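Q: one predicted model, sequence on top.
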Amino acid sequence: MHNKLSKNILNILLLSAGVGGLLTGFASATEGGGGAYPNGAEGIMAGALPPPGFYYVNYATHYNADGAQLPVDLKLDVSANVSRFVYMTEHKLFGADYGTYMVVPLLHVSAMLDTHSPAGTISSTESGLGDIAFSPLVLAWHSKNWHVATGLEFVVPTGDYDKHNLANLGRNYWTIEPVFAATYITDYGLELSGKFMYDFNTENSDTDYKSGQEFHVDYAVAYHTGPWTLGVGGYVYKQTTSDSGAGVTDPDGNKGQVLAIGPSVKYDLAGLSIEAKYQEEIWVENRPEGNKLWLKMSLPL
């Protein structure tokens, strides 16, 4: 029973790319149910990259969820501390500032499954390095009211992975992710921001399973007043193509979706930026349903 359940769940938790996909699912919604990107990581000023220089961004986050939208009694707890290193050069390309970045996640992942059978409760906990992400190309344009950025991100399977584990630190496949982000700020301080991403996943060589393509957006609506920014934000996630491989039984390819929303507050002082936010997941399909807490700090080096 233990091996059968482990095979069916097949990565209930897989985190990566700087806070990881922050959760996964049950026989669904890409392998393990999560994506390579940590949905909700960005929001306020998502399209505004910094001027030339070297910058450090730290994300501390906690996610907890249950299997309310799954046919299992599942509890998930994920904590992550993620370092993003950003370098913006003084060079121009197509009239934009040119830069690059790398994201290094450290994760603590716990999963507990009540089998409602003689096997009882199965649990798993893992800690360590997740899947590293990097972008060799980031372009940023700026004007009085607009900030726009685009890039191409690669997620590398550096985190530990075992197909028999309930919890894993990595996804064991590459993800290629084009990114487009934009921020509009009115003269009166109202901000609209969005970070738009589309994921192409390679096959997991250990399971011969290929996750479908994924569209997701981090968003924020906020108001700037002095050093403070107050707003509402979250993320939208929708799997757009079907999974393929062993374990795909749903006619629509086990596609997942989620919408998350919650309050955000940000404070800026002399180059230092600190942001706190809470996000509650709703309209969930083929994934666990939970909430996230974030604390983000960025500063020039």
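A: Thanks, I have it. Residues are numbered from 1 along each chain as shown.

Q: any low-confidence regions in the stretch 51-200 of the chain?
A: The stretch 51-200 of the chain contains residues with pLDDT under 70 at 67-72.

Q: tell me where it has helices.
A: Counting by DSSP state H, counting those that start in this stretch, the stretch 51-200 of the chain has no helices at all.

Q: pull the CA atoms of stretch 47-62 into CSV?
A: Extracted as CSV, the C-alpha positions of stretch 47-62 are listed here (Å, rounded to 0.1, in the frame of the first residue of the first chain):
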residue,chain,number,x,y,z
GLY,A,47,7.8,45.5,-14.2
ALA,A,48,10.4,47.9,-12.6
LEU,A,49,13.9,46.6,-12.7
PRO,A,50,16.6,48.6,-10.9
PRO,A,51,19.2,50.9,-12.6
PRO,A,52,22.7,49.6,-13.4
GLY,A,53,24.3,47.9,-10.5
PHE,A,54,24.4,44.7,-8.4
TYR,A,55,21.4,43.9,-6.2
TYR,A,56,20.4,41.3,-3.6
VAL,A,57,16.8,40.2,-3.2
ASN,A,58,15.7,37.9,-0.4
TYR,A,59,12.3,36.1,-0.2
ALA,A,60,11.1,34.3,3.0
THR,A,61,7.8,32.5,2.6
HIS,A,62,5.6,29.9,4.2
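
Q: how far out from the middle of the chain is that stretch?
A: Here stretch 47-62 shows a centroid-to-chain-centroid distance of 15 Å under the convention C-alpha atoms, centre = their mean, to the nearest Å.

Q: which of the residues in that stretch are buried?
A: G47, A48, L49, P50, Y55, V57, Y59, T61 (16 or more other C-beta atoms under 10 Å). The way it works is simple: take the backbone N, C-alpha and C, and place the C-beta from them, glycine included.

Q: the second one against T183, yeah?
A: Meaning A48. Yes: here A48 reaches T183: they are 5.0 Å apart, a contact under C-beta atoms under 8 Å.

Q: what is in contact with those two at once?
A: Common neighbours of A48 and T183 (criterion: C-beta atoms under 8 Å, 6 or more residues apart in numbering): H147.

Q: tally of neighbours for A119?
A: Number of residues near A119 (other C-beta atoms under 10 Å) recorded here: 14.

Q: what about the helix or strand that contains G262, distance to the chain center?
A: Assignment of secondary structure by DSSP states H and E places G262 within strand 257-269. The chain centroid and the centroid of strand 257-269 are separated by 14 Å under C-alpha atoms, centre = their mean.
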